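Trainee: Pasting a predicted model and its sequence here:
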Amino acid sequence: MSALVVAAVAGAVACEPASGLNSASIAVTTDRVGTGALERNGVDVQWLNCTAGVDGDRTVGASPAASARRIADVDCTGKSAKGEAITLTGKVTQELGGRCVRGDLTAKTGGKAVFRADVLGNCDAVPSTAGWNPPPPAGGGSGVRPAVTVTVTVTETPMSK
């Protein structure tokens, strides 16, 4: 995983909204755990790319109470080593620190269903506290590098009543 992706994920998680869903975190986590799930189900994944959009108007629950959760639409496309199209689509209601996503997700390869799941990844795994540590600069030196900061701005438009 490149340093840019690690920095982007760290920045996206730092700016996570109060609802607990962040489209960048959901997309990256679904990509990673979805690839693992596909491979465990016999699909040799050449590449997979996921996008996610959090819909601020739909919630899970009977009323828009504090316990209600927002829903994210996830859309992943890719290609298997055999050249078949891969899709992984559905709704995500929870993303846990890059370890798992919960919701209703369906994977297909070559137009055939591979799996349908309500959890992808290991939600019980211990969160990683180890940060990414880049190698020291070439030519010696102290090895101290400036911190990478990524800012993600999300603008929400209020609904008229």
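Mentor: The structure has been received and is ready for your questions. Residues are numbered from 1 along each chain as shown.
Trainee: Give the buried residues for the helix or strand hosting Asp73.
Mentor: If you go by DSSP states H and E, Asp73 is part of strand 69-80. Neighbour-count burial for strand 69-80, with 16 or more other CB atoms under 10 Å as criterion, is recorded at Arg69, Arg70, Ile71, Ala72, Asp73, Val74, Cys76, Gly78, Ser80. Where C-beta positions appear, they are placed from N, C-alpha and C, glycine not excepted.
Trainee: Repeat that for stretch 84-100.
Mentor: Result for stretch 84-100 [16+ other CB under 10 Å]: buried residues 84, 86, 88-96, 98-100.
Trainee: so which helix or strand takes in Val28?
Mentor: helix 23-40.
Trainee: what angle separates the strand holding Asp73 from helix 23-40?
Mentor: 50 degrees (axes from the mean of the first three to the mean of the last three CA atoms, to 10 degrees).
Trainee: what packs against whichever helix or strand comes after strand 69-80?
Mentor: Going down the chain from strand 69-80, the next helix or strand is strand 85-96, by DSSP H and E. On a contact count with 3 or more CB pairs under 8 Å, 6 or more residues apart in numbering; DSSP states H and E, strand 85-96 meets helix 23-40, strand 45-60, strand 69-80, strand 100-109.
Trainee: Okay then, goodbye and thanks.
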